[in-house]
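> Test case, fold it:
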Amino acid sequence: MVCGAVALSNSVPTEYWMVFLLAWLGALVSTPLFRRLALALDITDRPSRRKVHDRPVPYLGGLAFHVALSLPLLYLFTRAPHVLDAQIPLPQLRALYLAATGFLLLGIWDDIRPISPRVKLAVQAALSLLLVGAGFMIDEMTSPFGGKIPLGWLGGVLSVFWILTIVNAINFIDGLDGLAAGVVFFAAVANFLIALHPWQNFICVISLALMGATLGFLPYNFSPARIFMGDAGSLYLGALLAGLSLGSNTKGATALSLSLPLVILSIPLLDTVLTIIRRGRRG
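Residues are numbered from 1 along each chain as shown. Model (predicted):
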């Protein structure tokens, strides 16, 4: 059993390596296919005064992330169901998959035909509520004087705000080749390492899938990028990363699971705040 393998030793079980490998292969193989599809459909980012590239670059790289997540999950359901039986809440897994897919579709829509910020934020908020309703939330905080402080409805509000912040932080930093995917990779590594002690199978599995997906995509996204992840990819990765940081099976470890990703994401989070201020001043 995976549970015993992790609990009794520090070794990473074979099933975990398969999750990482399948996610990496899924992104590595599918990314050039979606690049060709984007070129055929003329879904490209064209040069302008605000762009650093001097030629049209295809979008739809985000679809490769969806393939990279779906492949290892399909493997677990069909070949290694015992991994899913070990502390993985299937309702939460289903909610995260569906919500991330919703963010992906929203991003594709925005990549093909830009939508207004208000509509975009409203859809993001609705998808965030789906995650919170499935249990991805901060329901209590540790008091500096000892004990726990239940947050009640405020926990739901803070959780929605956290999800929207992470999702849009990844979206805003996706302006330099390889930056967004690189940040998500290291944040996923941090989540994986935190989730090993105490062991949290759900976080480990999704973190490994994210690590493999971003590593498989990065060779095509390094400067000069041959494909962009677009809003579809940045929103998708942001949703998964936000869900990871809130999806701890051990609620007492929520603060710990948030701390290191927060440090890693401090620069893009600050950039998000500054971007909102700049855009607000310009109306």
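
> Beyond the one helix or strand in the chain whose mean pLDDT sits lowest, next helix or strand please.
Within the chain, no helix or strand scores below helix 2-8, which has a mean of 39 by mean pLDDT, DSSP states H and E. Remark: after helix 2-8, the chain's next helix or strand is helix 14-40, criterion DSSP states H and E.

> which is the next helix or strand following that next one?
Next helix or strand after helix 14-40 toward the C-terminus (DSSP H and E): strand 44-45.

> The stretch 51-200 of the chain: helices as residue ranges?
Along the stretch 51-200 of the chain, counting by DSSP state H, counting those that start in this stretch, helices occupy 62-79, 81-85, 90-112, 117-133, 153-173, 179-196.

> Kindly reformat the ones you listed as a markdown table containing mean pLDDT and distance to residue 215.
Quick note: C-beta positions are derived from backbone N, CA and C, even for glycine. Listed next are these as a markdown table, based on pLDDT from 0 to 100; distance: least, CB to CB, whole Å:
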| stretch | mean pLDDT | distance to residue 215 |
| --- | --- | --- |
| helix 62-79 | 95 | 9 |
| helix 81-85 | 85 | 21 |
| helix 90-112 | 94 | 18 |
| helix 117-133 | 94 | 25 |
| helix 153-173 | 87 | 16 |
| helix 179-196 | 86 | 6 |
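
> So which of those is nearest residue 280?
helix 117-133 (10.8 Å; CB to CB).

> what's that closest one packed up against?
With contacts taken as 3 or more CB pairs under 8 Å, 6 or more residues apart in numbering; DSSP states H and E, helix 117-133 sits against helix 90-112, helix 153-173, helix 230-246.

> so it versus helix 230-246, what angle?
Angle of helix 117-133 versus helix 230-246, following axes from the mean of the first three to the mean of the last three CA atoms, to 10 degrees, is 30 degrees.

> Can I get helix 117-133 as PDB, trimmed to CA atoms?
Backbone C-alpha positions of helix 117-133 (Å, rounded to 0.1, in the frame of the first residue of the first chain) are rendered in PDB as follows:
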ATOM      1  CA  PRO A 117     -12.700  42.100 -16.700                       C
ATOM      2  CA  ARG A 118     -16.000  42.200 -14.800                       C
ATOM      3  CA  VAL A 119     -17.400  39.100 -16.600                       C
ATOM      4  CA  LYS A 120     -14.000  37.300 -16.200                       C
ATOM      5  CA  LEU A 121     -13.900  38.100 -12.400                       C
ATOM      6  CA  ALA A 122     -17.500  37.000 -11.900                       C
ATOM      7  CA  VAL A 123     -16.800  33.600 -13.500                       C
ATOM      8  CA  GLN A 124     -13.700  33.200 -11.500                       C
ATOM      9  CA  ALA A 125     -15.600  34.000  -8.300                       C
ATOM     10  CA  ALA A 126     -18.200  31.400  -9.200                       C
ATOM     11  CA  LEU A 127     -15.600  28.700  -9.800                       C
ATOM     12  CA  SER A 128     -13.800  29.700  -6.600                       C
ATOM     13  CA  LEU A 129     -17.100  29.200  -4.700                       C
ATOM     14  CA  LEU A 130     -17.300  25.700  -6.200                       C
ATOM     15  CA  LEU A 131     -13.900  24.900  -4.700                       C
ATOM     16  CA  VAL A 132     -14.800  26.400  -1.300                       C
ATOM     17  CA  GLY A 133     -18.100  24.500  -1.300                       C
END
